[in-house]
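Student: please find the sequence and the predicted model below.
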Amino acid sequence: MQSKHSTIPSLIRHKLCGTARCPNRPPSPFRLMLLLFCGFALSLIYSGLAVVVIWYFDGQHEAQRFFAAYTTSFRTIISLGVILGTALVVCCSQHVIPETIEAAFQGRLTSDYFYYKHRFWSRKITAFFCGEMIVWSFAVFAYCEFPLLNLGQDLMLAPVCAEFALAAYVGRKLMYTGMMLHSLLPITVRRNLFRKRELDAINPYVHVASTLTIIWVYVHVTGYYAGPFKYSSWFGETIRLFLLLPAILAVPVLLIFNFYPRAVLRKLYSQSIDFEIKRLKRALRNAKLSAYEKKSYLIELDKMSRDELRYSLQLALSDLPIGITIVVMVLQTVLGN
């Protein structure tokens with residue numbers, strides 16, 4: 001027969017750190033993979049249609065030059081595919097964020113949360129941000145000038161502008177996800193969110209979206225910065241510096257919004273553990289155990305749950321080398337040209 005001493009900690013651990021999960025789960029990894037592949041498929045389809053159009057109006061030679069520029073010289077086929085896939089992943093899983101938060105904090109959310117939620121869903125704000133990036137990217141790449149005839153240049157400008165618009169869309173969603181989570185910090189946790197990991201569904205969304213966007217930044221910058229633009233405007237090659245703007249702006253922001261949500265979740269889960277420890281402390285007052293045994297159980301439970309929190313929801317410092325590696329690769333490309 002198991003002793004009372006061996007069963008109580010296991011029962012308490014099951015109560016606090018149960019294996020059940022939040023019903024608001026993110027899409028499966030296979031679905032995310034398919035969405036990413038859809039992005040590459042759309043990029044490939046665009047190149048095929050553009051080649052057909054150029055072949056019809058400008059002839060086979062110009063069509064071949066466009067295809068070489070799209071696939072090899074500027075690697076647009078990859079960068080557009082990555083950001084298209086990333087945007088599809090974000091669009092199809094963004095509902096997880098507000099649903100998860102509202103299920104965990106029913107009736108206790110602040111006005112700040114609803115303000116950021118409104119901006120998170122606002123199509124008008126999305127269109128404004130995306131429009132700004134389209135105008136900026138069109139101006140920069142039009143002055144850089146692709147080494148093609150007018151139709152070929154236009155058909156290369158279109159995916160470049162689309163890349164910046166989609167990157168703005170993804171960046172907005174990540175930013176307001178972080179701000180919605182930030183608005184939860186003043187709330188005092190009054191129940192055990194850690195038992196069923198009720199906020200865990202947020203983490204994969206943020207991690208996948210930010211990592212894919214960092215990959216896009218690397219592919220985009222290395223492809224276009226080293227690309228054979230004409231640079232025949234009066235700006236000359238000085239406008240080339242503006243091609244680095246995605247790396248300068250996006251990498252620090254993406255790294256911050258990759259780590260910050262995890263810091264917020266860690267704090268909320270830590271409060272959940274504190275709440276459960278206090279509740280169990282009150283429940284053990286009438287238990288037929290010595291003061292030493294009660295204190296031992298509580299200490300063991302606290303240590304056990306803190307250890308599990310540390311390992312299951314780290315600040316993911318192991319992810320930091322990914323961002324650093326990409327930054328170094330971008331700098332190597334820049335310095336090598």
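Tutor: Structure received.
Student: convert stretch 43-55 to PDB, retaining C-alpha atoms only.
Tutor: Provided in PDB are the C-alpha atoms of stretch 43-55 (Å, rounded to 0.1, in the frame of the first residue of the first chain):
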ATOM      1  CA  SER A  43       4.900  32.600 -55.800                       C
ATOM      2  CA  LEU A  44       5.700  30.000 -58.500                       C
ATOM      3  CA  ILE A  45       2.300  30.500 -60.100                       C
ATOM      4  CA  TYR A  46       2.900  34.200 -60.300                       C
ATOM      5  CA  SER A  47       6.200  33.700 -62.000                       C
ATOM      6  CA  GLY A  48       4.600  31.400 -64.600                       C
ATOM      7  CA  LEU A  49       1.800  33.900 -65.400                       C
ATOM      8  CA  ALA A  50       4.300  36.700 -65.600                       C
ATOM      9  CA  VAL A  51       6.500  34.800 -68.000                       C
ATOM     10  CA  VAL A  52       3.500  34.000 -70.300                       C
ATOM     11  CA  VAL A  53       2.500  37.700 -70.300                       C
ATOM     12  CA  ILE A  54       6.000  39.000 -71.100                       C
ATOM     13  CA  TRP A  55       6.500  36.300 -73.700                       C
END
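Student: list the contacts of it.
Tutor: 62-63, 66-67, 70-71, 76-78, 80-81, 84, 151-152, 155, 159 (C-beta atoms under 8 Å, 6 or more residues apart in numbering). Bear in mind the C-beta positions are built from the backbone N, C-alpha and C, glycine included.
Student: would you list the buried entries among these?
Tutor: Among those, those that count as buried by neighbour count (16 or more other C-beta atoms under 10 Å) are 62-63, 66-67, 70, 76-78, 80-81, 84, 151-152, 155, 159.
Student: which of the residues you listed sit farthest apart?
Tutor: Taking C-beta to C-beta as the measure, these span a maximum distance of 25.1 Å, between E62 and L84.
Student: can you give me the mean pLDDT across the helix or strand harbouring I77?
Tutor: According to DSSP states H and E, I77 maps onto helix 76-93. Averaging pLDDT along helix 76-93 gives 94.
Student: so for the next helix or strand after it, mean pLDDT?
Tutor: Using DSSP H and E, the helix or strand that follows helix 76-93 in sequence is helix 96-104. If you average the pLDDT over helix 96-104, you get 91.
Student: other SSEs contacting helix 96-104?
Tutor: Packing partners of helix 96-104 (3 or more C-beta pairs under 8 Å, 6 or more residues apart in numbering; DSSP states H and E): helix 111-121, helix 150-182, helix 202-225.
Student: and the ones you listed as a markdown table, adding distance to A103 and mean pLDDT?
Tutor: Supplementary listing: the helices and strands packed on helix 96-104 in a markdown table, determined by distance: least, C-beta to C-beta, whole Å; pLDDT from 0 to 100:
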| stretch | distance to A103 | mean pLDDT |
| --- | --- | --- |
| helix 111-121 | 13 | 95 |
| helix 150-182 | 14 | 94 |
| helix 202-225 | 11 | 87 |
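Student: any chance of these in JSON lines with distance to T188 as columns?
Tutor: Formatted as JSON lines, the helices and strands packed on helix 96-104 follow (distance: least, C-beta to C-beta, whole Å):
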{"stretch": "helix 111-121", "distance to T188": "15"}
{"stretch": "helix 150-182", "distance to T188": "16"}
{"stretch": "helix 202-225", "distance to T188": "20"}
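Student: tell me which of these lies nearest to G131.
Tutor: Closest among those, using C-beta to C-beta: helix 150-182, at 7.7 Å.
Student: now do the closest one: which elements does it pack against?
Tutor: Contact analysis of helix 150-182 by 3+ C-beta pairs under 8 Å, 6+ apart lists helix 29-58, helix 60-68, helix 76-93, helix 96-104, helix 111-121, helix 123-144, helix 202-225, helix 245-283 as its packing neighbours.
Student: buried residues in that helix?
Tutor: The neighbour-count check on helix 150-182 (16+ other C-beta under 10 Å) flags 151-153, 155-157, 159-182 as buried.
Student: angle of that helix against helix 29-58?
Tutor: Per axes from the mean of the first three to the mean of the last three C-alpha atoms, to 10 degrees, the angle that helix 150-182 makes with helix 29-58 is 160 degrees.
Student: and helix 150-182, how far out from the chain middle?
Tutor: From the chain centre to the centre of helix 150-182 is a distance of 13 Å (C-alpha atoms, centre = their mean, to the nearest Å).
Student: same thing with stretch 146-166?
Tutor: 26 Å.
Student: what's that stretch in contact with?
Tutor: Contacts for stretch 146-166 (C-beta under 8 Å, 6+ apart): 43, 46, 50, 53-54, 57-58, 62, 65-66, 69-70, 73-74, 76, 79-80, 83-84, 86-87, 130-131, 133-134, 136-138, 141-142, 145, 216, 220, 224, 228-230, 246.
Student: only whichever of those are buried, select them in ChimeraX.
Tutor: Those of the contacts of stretch 146-166 that count as buried under 16+ other C-beta under 10 Å are selected in ChimeraX with:
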select :43,46,50,54,58,62,65,66,69,70,73,74,76,79,80,83,84,86,87,130,133,134,137,141,142,145,216,220,224,229,246
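Student: in contact with the residue nearest to L265 when sequence neighbours are not counted, which residues?
Tutor: Residue nearest to L265 in three dimensions, not counting chain neighbours: L199, with 5.3 Å by C-beta to C-beta, 6 or more residues apart in numbering. Contacts for L199 (C-beta under 8 Å, 6+ apart) come out as C22, T100, I101, A104, L193, L265, L268, Y269.
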